[in-house]
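Participant: When you get a sec, could you give me coordinates for this:
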Amino acid sequence: MLLRKMLRLFHTVRHLKTEQLIYRLYYRFAKVRITESREYAQRPWLSAWSSPGLLPARMLVNGNLVFLGEQGDLKVKDSWNDPHKSKLWLYNLHYLDDLNAVGAELRRHEHKNLIERWIAENPPAIGNGWEPYPLSLRIVNLVKWFSRQEIIEPTWLNNLGLQAQALYKQLEFHILGNHLFANAKALVFAGAFLDGEEAQKWLQKGLQILDREIPEQFLPDGGHFELSPMYHAILLGDMCDLLNLAECSGLSELTKPVSGWREVVNRGLTWLTAMSHPDGGIAFFNDAAFDIAPDPKAIKSYAASLGCKAGQAPLKYPRGAQKVSLRWLENSGYCRVEMPDDGVALLDMARIGPDYLPGHGHADTLSFELSLFGRRVFVNSGTSQYGEDAERQRQRSTAAHNTVVVDGEASSEMWGGFRVACRAYPSTPFFDESIESVVVAASHDGYKRLRGKAIHQRSWIFTPRSLVIHDLITGNFESAEARFHLHPDVGIDRRHLSDCQLFLPPGSEKPINFGVHEAESLELVDSTWHPKFGVSVPNICIAVKFKGNALTTRIEWAE
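Facilitator: Numbering: from 1, shown residues only. Alright, predicted model coming up:
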């Protein structure tokens, strides 16, 4: 057991950058020191902040706050660090997202009281609110809100300066990725809003980090490199905010990078469109759920107001099949297949994320999602929580996704809340097409770490009215199971399980036939779907056990 834990730790740590290791050691001993006697002034802007509310309201009519599907209040000052609430819930409390949420202009008085309470009850460098990630999100929210006020209290500006000081001294180089991006964005906002030499230092530092991170984090196909549609949408909203800040502030330092930022947004919109279902929502690969990131429609509208526009991901076969089209996001590793009547399949042939930052990855290699007639039919299980408990592990596991489980193991070795040891690497995909069909095939080596050195190969064959999936396991193994998770709205005829019918919605006149070949058994398993944090919706998983080393699954639907 000890040896196994040591190997797991080794295969986790060996992928980290030297920079991450150095800063992990540094922050273990470093203390944040803040100079509280300084006074800060506001820079003049060309115009006040103006943008649509991208997130739903977090403040209820009764004054309570709701995050991650859970209500709470601020009846006592210790509520900011309530030990009975999860760390993530408390982080959300400290973000102060409601300052700029939908309908924020109707809650100005409540927001003023909320800000003053936060300042009074969160002394510098004490508690969850002074950690770098909540600092980053709150600084941006405060700048946006302050810029819209006719009168800004000096205590507000001074406290904003203290927060920027604290952030500057604990930038998350030990984590990198979206955390460091959020730090940099916050420094740019604080430096653009406050005046003086120190604020200029924050602005320059933030821009320096963005200059380094934007080319690293946004891939040529437009996707964010952590390969989570949810985090992609979050950072795409951040990029729009930076464009907006350049317009509102009029600072020359911000106008210089605008053309490059706009190109990143245009590519990112194209990727977001490709990774969305016909219902307009994101696909659930890696950590993904609704209502954490802005809705794709809202992002597109916001981006359009800033002069940005989504294109179409390129067709793999621009002069090929007329009824089935394939869009390949080569740098990300995802594939979109479009069929008649709003049929869309999204295929995962991606790595789980950057080797040095796989924390939001799931063991979902070679999984897929499928919408038919504009409605989701097969869905990955989504994400309802973070943390380190068994449910977090289950939601990250291979069994929670539409792919194959070998010997009861996950294809990538997930542990902790955000750790990955040995991980699956996909092969270069194979594509083929004819007038009536498109074929996509790939494999991954995630099970090679097991004794039998198994390899999972999967091919998808699409026609206008069918999808055939061939799964092959090479190497030695004791058991293999393909799992197909149904959206909760999908009904199923339980009388003929070897060749059953699905209905979308229940009672529809357009049944979907689901059949398997060379299976040992087919079982309907109770499961859960997690469209939002804090939400678990009962659904059905079709679990198909292999008879040998191959399995064929056929899905057909009517016109």
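
Participant: Who are the contact partners of F533?
Facilitator: The contact partners of F533, taken as CB atoms under 8 Å, 6 or more residues apart in numbering, are L68, G69, L88, A289, D291, I292, T383, S384, Q385. Where you see a C-beta, it was placed from the backbone N, CA and C, and this is true even at glycine.

Participant: isn't H530 right next to V379, touching?
Facilitator: No. H530 lies out of contact with V379 (CB atoms under 8 Å); the separation is 9.8 Å.

Participant: The residue nearest the centre of the chain: which element?
Facilitator: Nearest residue to the geometric centre of the chain (CA atoms, centre = their mean): M230, 2.7 Å. In this structure, M230 sits in helix 229-249 according to DSSP states H and E.

Participant: I'd like to know which elements that helix is packed against.
Facilitator: helix 177-193, helix 197-217, helix 252-255, helix 258-274, helix 296-305 (3 or more CB pairs under 8 Å, 6 or more residues apart in numbering; DSSP states H and E).

Participant: what's the offset of stretch 147-164 from the middle of its chain?
Facilitator: Taking CA atoms, centre = their mean, to the nearest Å, the mean C-alpha location of stretch 147-164 is offset from the chain mean by 31 Å.

Participant: So what touches that stretch?
Facilitator: Residues contacting stretch 147-164 (CB under 8 Å, 6+ apart): 34, 36, 38-42, 45, 48-50, 115, 119, 124, 130, 135, 138-139, 142-143, 146, 186-187, 190-191, 193-194, 198-199, 202, 248.

Participant: I'd assumed L450 was in contact with C422.
Facilitator: No. Using CB under 8 Å, C422 makes no contact with L450, being 9.7 Å away.

Participant: element containing C335?
Facilitator: strand 334-339.

Participant: from the chain's centre, how far out does the following helix or strand past that strand sit?
Facilitator: Per DSSP H and E, the first helix or strand lying C-terminal to strand 334-339 is strand 343-348. Centroid displacement of strand 343-348 relative to its chain, using CA atoms, centre = their mean, is 17 Å.

Participant: Direction included, what does strand 343-348 pair up with?
Facilitator: strand 334-339 (antiparallel), strand 368-372 (antiparallel) (DSSP bridges).

Participant: Return the last one as CSV; C-alpha atoms alone will do.
Facilitator: What follows is the C-alpha trace of strand 368-372 in CSV, where atoms were taken according to Å, rounded to 0.1, in the frame of the first residue of the first chain:
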residue,chain,number,x,y,z
PHE,A,368,-19.0,11.0,-26.3
GLU,A,369,-22.3,13.0,-26.0
LEU,A,370,-25.2,12.8,-28.4
SER,A,371,-28.1,15.1,-29.1
LEU,A,372,-31.0,14.0,-31.4
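
Participant: Just the buried residues of the helix or strand of the chain with the lowest mean pLDDT, please?
Facilitator: When the helices and strands of the chain are compared on mean pLDDT, DSSP states H and E, strand 499-503 comes out lowest with a mean of 78. Going by neighbour count (16 or more other CB atoms under 10 Å), the buried part of strand 499-503 is C500, L502, F503.

Participant: Nearest to N331 among those residues?
Facilitator: L502 (34.0 Å; CB to CB).

Participant: Wait, that closest one touches G515, no?
Facilitator: No. Using CB under 8 Å as the test, L502 is too far from G515 to be in contact (10.9 Å).

Participant: Please convert the buried residues of strand 499-503 to a markdown table, extending it with distance to N62.
Facilitator: Formatted as a markdown table, the buried residues of strand 499-503 follow (distance: CB to CB, whole Å):
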| residue | distance to N62 |
| --- | --- |
| C500 | 47 |
| L502 | 42 |
| F503 | 41 |
